[in-house]
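**Student:** Here is my input; please provide its structure:
(one chain, ligands or ions: 3)
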Amino acid sequence: MYQNGHVATGFGINSVGKIPLGLKRKGLRIVVTGGAGFVGSHLVDRLMARGDSVIVVDNFFTGRKENLLHHFSNPRFELIRHDVVEPLLLEVDQIYHLACPASPTNVVGTLNMLGLAKRIGARFLLTSTSEVYGDPLQHPQVETYWGNVNPIGVRSCYDEGKRTAETLTMDYHRGAGVEVRIARIFNTYGPRMCIDDGRVVSNFVAQALRKEPLTVYGDGKQTRSFQFVSDLVEGLMRLMEGEHVGPFNLGNPGEFTMLELAQVVQETIDPNAKIEFKPNTEDDPHKRKPDISKAKELLGWEPKIALRKGLPMMVSDFRQRIFGDHKQDAA
Ligand code: NAD
Ligand code: UDP
Ligand code: UDP
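**Tutor:** Ligands and ions are numbered 1, 2, ... in the order given. Now for the predicted structure:
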């Protein structure tokens with residue numbers, strides 16, 4: 001039963017072009033797996049603001065209820081504690097599949113969500129990653145590049161998990177006619193990011209605020225391209241509503257070495273913050289920068305927020321969470 005009055009089969013392949021506007025007026029029923037996490041909770045904010053009904057499915061492995069508290073009293077919002085490794089029965093129009101720890105459960109969760117999409121005729125969006133390019137031999141990375149991943153390396157569980165997720169997604173598309181979308185997300189930062197998950201932006205920001213040295217791994221000359229979370233969410237929604245399967249790179253082409261990033265963090269938080277060099281992790285990609293021509297052309301999307309503009313917004317959130325917590329501890 002489709003509680004908001006439209007059947008998911010309305011997503012027939014031939015009618016794709018007409019769907020978004022018509023359905024938007026009625027309000028869609030949307031599942032966001034991993035919706036209690038960093039990216040997912042921002043996506044939920046946008047979908048709720050648009051008037052959709054949103055079901056978040058999350059096992060709180062890394063996500064937090066706090067990220068969604070402001071929606072709890074809204075009847076259009078529902079939160080289900082569920083591990084996507086277990087089958088799930090729901091009736092919805094769209095599935096944003098973000099739930100993912102860095103482990104093989106990724107593959108089983110994706111299979112279940114694809115099975116769900118197939119049964120109910122919902123459109124399915126996979127949040128894949130720039131990690132599918134591995135330590136890339138092409139720079140910047142274009143979607144047609146097949147990547148350079150060490151299949152037995154320490155990072156391969158995540159990388160190969162997402163590559164398999166992409167494979168499954170395309171197989172369900174070709175074999176079962178499921179409408180799918182694939183986003184390859186490049187490094188994203190912003191408010192609500194996990195404070196202690198070891199990512200470079202969250203590490204540097206937390207370290208600078210706590211007056212600890214910024215830990216630069218290796219020589220710090222490796223590069224990454226950092227995207228602000230609201231730019232990503234806009235790209236995910238355009239991809240879901242548009243008519244192109246992808247994969248699409250969603251990232252900010254502004255490329256920084258880790259030493260340059262440390263410098264931006266110093267400028268933003270504490271010019272006296274010290275830098276401490278530490279050994280790098282194995283198989284660390286040397287550089288990464290998205291070619292976003294395809295998303296620009298077909299989704300009309302490009303990021304708007306440069307690192308120096310986005311970082312201060314993340315810093316205020318981190319400041320509040322770090323020092324807010326300390327006050328509670330002391331009390
Ligand atoms: P996050 O850890 O903040 O969010 C992931 C969410 O999924 C969490 O709320 C977690 O509790 C939930 N989850 C994990 N395993 C689950 C399971 N088995 N069942 C149900 N829920 C589960 O991470 P994020 O940064 O918001 O990432 C969201 C998605 O985007 C992920 O798929 C990630 O691989 C992808 N991605 C993120 C980035 C980035 O830079 N943030 C880059 C590339 C790809
Ligand atoms: N699945 C689910 N919810 C559904 C439909 C399927 O979680 O509404 C799961 C199902 O348990 C299975 C997976 O999705 O493990 C793949 O389903 P599919 O029907 O494609 O495969 P089959 O069950 O035929 O092997
Ligand atoms: N890195 C670093 N200091 C840290 C954490 C990470 O210099 O405290 C480096 C890491 O070696 C890598 C880059 O920052 O080269 C990005 O790491 P992250 O884990 O954030 O993202 P990913 O490697 O998955 O792109």
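**Student:** got a list of what the residue in the chain that ligand 2 sits nearest to touches?
**Tutor:** Of all residues in the chain, residue 115 sits closest to ligand 2, at 2.0 Å by C-beta to the nearest ligand atom. All C-beta atoms are positioned from the backbone trio N, CA, C, and that covers glycine. For residue 115, the contacting residues are residue 87, by C-beta atoms under 8 Å, 6 or more residues apart in numbering.
**Student:** Okay, buried residues for the helix or strand hosting it please.
**Tutor:** Secondary structure from DSSP states H and E places residue 115 in helix 105-120. For helix 105-120, a neighbour-count test (16 or more other C-beta atoms under 10 Å) marks 105-107, 109-117, 120 as buried.
**Student:** Now that we have those, can you turn them into a markdown table and tack on distance to residue 98 and pLDDT?
**Tutor:** Below are those laid out as a markdown table (distance: C-beta to C-beta, whole Å; pLDDT from 0 to 100):
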| residue | distance to residue 98 | pLDDT |
| --- | --- | --- |
| 105 | 14 | 72 |
| 106 | 11 | 81 |
| 107 | 15 | 92 |
| 109 | 10 | 95 |
| 110 | 11 | 97 |
| 111 | 16 | 97 |
| 112 | 14 | 97 |
| 113 | 10 | 98 |
| 114 | 14 | 98 |
| 115 | 17 | 98 |
| 116 | 14 | 98 |
| 117 | 14 | 98 |
| 120 | 19 | 97 |
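**Student:** Ligand 1 next: which of the residues you listed are close?
**Tutor:** Among those, the residues lying close to ligand 1 (C-beta under 6 Å from any ligand atom) are 105, 109.
**Student:** As TSV, the buried residues of helix 105-120 with distance to residue 183 would be great.
**Tutor:** Formatted as TSV, these follow (distance: C-beta to C-beta, whole Å):
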residue	distance to residue 183
105	20
106	15
107	18
109	16
110	13
111	18
112	19
113	14
114	15
115	20
116	19
117	16
120	21
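**Student:** still on that earlier bit, tell me how far the helix holding residue 115 lies from the chain's centre.
**Tutor:** 18 Å (C-alpha atoms, centre = their mean, to the nearest Å).
**Student:** which other helices and strands contact whichever strand or helix holds residue 298?
**Tutor:** With elements taken from DSSP H and E, the one containing residue 298 is helix 293-299. Judged by 3 or more C-beta pairs under 8 Å, 6 or more residues apart in numbering; DSSP states H and E, the packing partners of helix 293-299 are helix 229-241, strand 248-250.
**Student:** The stretch 201-331 of the chain: strands as residue ranges?
**Tutor:** Shown for the stretch 201-331 of the chain, the strands assigned by DSSP state E, counting those that start in this stretch span residues 214-217, 223-225, 227-228, 248-250, 255-257, 275-278.
**Student:** most tightly surrounded among these?
**Tutor:** strand 248-250 (a mean of 28; mean count of other C-beta atoms under 10 Å).
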